[in-house]
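> sequence and predicted model, in that order:
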Amino acid sequence: MSLWKSFNQGIIKENPVLRLMIGLCPVLAVSNNAINALGMSVAVAFVLICSNAVVAMIRKTTPDEIRIPIFIIVISTFVTISDYVMNAFTPDLYAALGVFVPLIVVNCIILGRAEAFAYRNPVLNSILDGVGMSLGFALALISIGVIREVLGAGSVFGIALFNPAVAATIMVLPPGAFITIGVLMAALNKFENKVQ
Amino acid sequence: MLGRNYLGAGENVGKIFKLGIILAVFCVISAGGLAIVYMYTQPKIVLNSQLALEGSKKAVLPPSGKGQAIAVSPRGYGGPIEMLVGVDPVGKVSGVKILSQRETPGLGANIVKPKFLDQFKGKSLKDPLEPKKDIDAITGATISSRAVCVGVKEALRKAK
């Protein structure tokens, strides 16, 4: 698989959230404002790129029978590192993301890419796949975060746009996440149909 | 037959043992890496939480710094509301700060705003400390507003 394709496919064509529909739990939970969405995207990108790189590096020495537990060890190591680092250097963001940082360990995107891509491809391709998938995840998560924050709280990245009293609070509550994801998926499908 | 079975089992044990060793090696490498990261980040994490607590105490106590900062956690709408109440030496509230809460965003979560919390300044146990009496509750968030009142009352009682 070409390097460009490894990088490119995760962004729109196989966007993990809007296309493959995996890793939806953190997407629903932390997309209530743009800052949380951005922080979560950065943490997931770090874990995904590092775990893809390491899994590709060790793929020839990893026995097939125990590859899944080994993937989990690799992933949980990087999740714990990002947990410590965020707690030490960005305590406010860490408090806002709460339990969803440790839960990156069970984010299907990461184990999915380790199993479906990094275990079968060279290191450079796997890193690029990690970057592309992270960008796709970030694109979806931040779009949802911005839409929900603007409509639900009348601000974007914490900067007030209009009086929050006229904002639709439902958009920052759980139903708002489902509505926004549904509308974005429909829009992406429509767009793709037109292109074809 | 018996011998073959036995041999088969023996081979299996050998393989399981080998796989176990490989897994153990991965665990050791991972634990070693984490220990190093922990060593570098832990002092900073401890310092952060101390600074945050000291900052909150300073914010709720009167400018003189005298009085007590009391931590209470009344039950809110979405779980306990961790809050810090400053009580001055004569038993009046000098400040209230919400440390953590899980109230509804846009409604109950507005209890963290100074506009709501500043109402408690100067209150004592002689005041009713109830929504709709001496405290303006947040629209659509009576339970959250009442929880903060309960917390302030509890802190005032503890301060005596």
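Looks like it came in fine.

> now residue A:153: how far from residue B:39?
Going from residue A:153 to residue B:39 by Cβ to Cβ, to the nearest Å gives 40 Å. Heads up, the C-betas are built off the backbone N, CA and C, glycines and all.

> one more: residue A:76?
The gap separating residue A:76 from residue B:39 is 19 Å, by Cβ to Cβ.

> try residue A:148
Residue A:148 is 39 Å from residue B:39, by Cβ to Cβ.

> can you tell me if the longest helix seen in chain B touches chain A.
If you go by DSSP state H, chain B has its longest helix at helix B:2-60. Yes: applying Cβ under 8 Å from any Cβ of the partner chain, one finds helix B:2-60 in contact with chain A at B:19, B:22-23, B:26-27, B:30, B:33-34, B:37-38, B:41-42, B:44-45, B:48-49, B:52.

> closest to the centroid, which residue in chain A?
residue A:137 (3.8 Å; Cα atoms, centre = their mean).

> one step back: tell me which of residue A:76 and residue B:39 has more neighbours.
residue A:76 (19 against 10; other Cβ atoms under 10 Å in any protein chain shown).

> spit out the contact partners of that one.
A:105, B:30 (Cβ atoms under 8 Å, 6 or more residues apart in numbering or on different chains).

> can you check the one 5 residues further on too?
The contact partners of residue A:81, by Cβ under 8 Å, 6+ apart, come to B:33-34, B:37.

> got it, and residue A:69?
Going by Cβ under 8 Å, 6+ apart, the list of residues near residue A:69 reads residue B:23.

> secondary structure element holding it?
Using DSSP states H and E, residue A:69 sits in helix A:67-89.

> helix or strand right after that helix?
Assigned by DSSP H and E, the successor of helix A:67-89 is helix A:91-97.

> can you give me the buried ones in that following helix?
Of the residues in helix A:91-97, A:91, A:93-94, A:96-97 count as buried by neighbour count, 16 or more other Cβ atoms under 10 Å in any protein chain shown.

> one more: stretch B:51-58?
Result for stretch B:51-58 [16+ other Cβ under 10 Å]: buried residues B:56-57.

> average pLDDT for that stretch?
Computed over stretch B:51-58, the mean pLDDT rounds to 86.

> and stretch B:151-160, by the same measure?
Stretch B:151-160 comes out at a mean pLDDT of 89.

> before we move on, what about stretch B:121-139?
88.

> show residues contacting it.
B:90-96, B:107-108, B:110-111, B:116, B:119-120, B:142, B:144-146, B:149, B:152-153, B:156-157, B:160.

> so which bits of it are buried?
Neighbour-count burial for stretch B:121-139 flags B:123, B:127, B:129, B:131, B:135, B:137-138 (criterion: 16+ other Cβ under 10 Å).

> is residue B:97 in a helix, a strand, or coil?
strand (DSSP: H, G, I helix; E, B strand; the rest coil).

> show me what contacts residue B:26?
Per Cβ under 8 Å, 6+ apart, neighbours of residue B:26: A:70, A:73-74.

> 6 Å instead, please
Taking Cβ atoms under 6 Å, 6 or more residues apart in numbering or on different chains, we find residue B:26 in contact with A:70, A:73.
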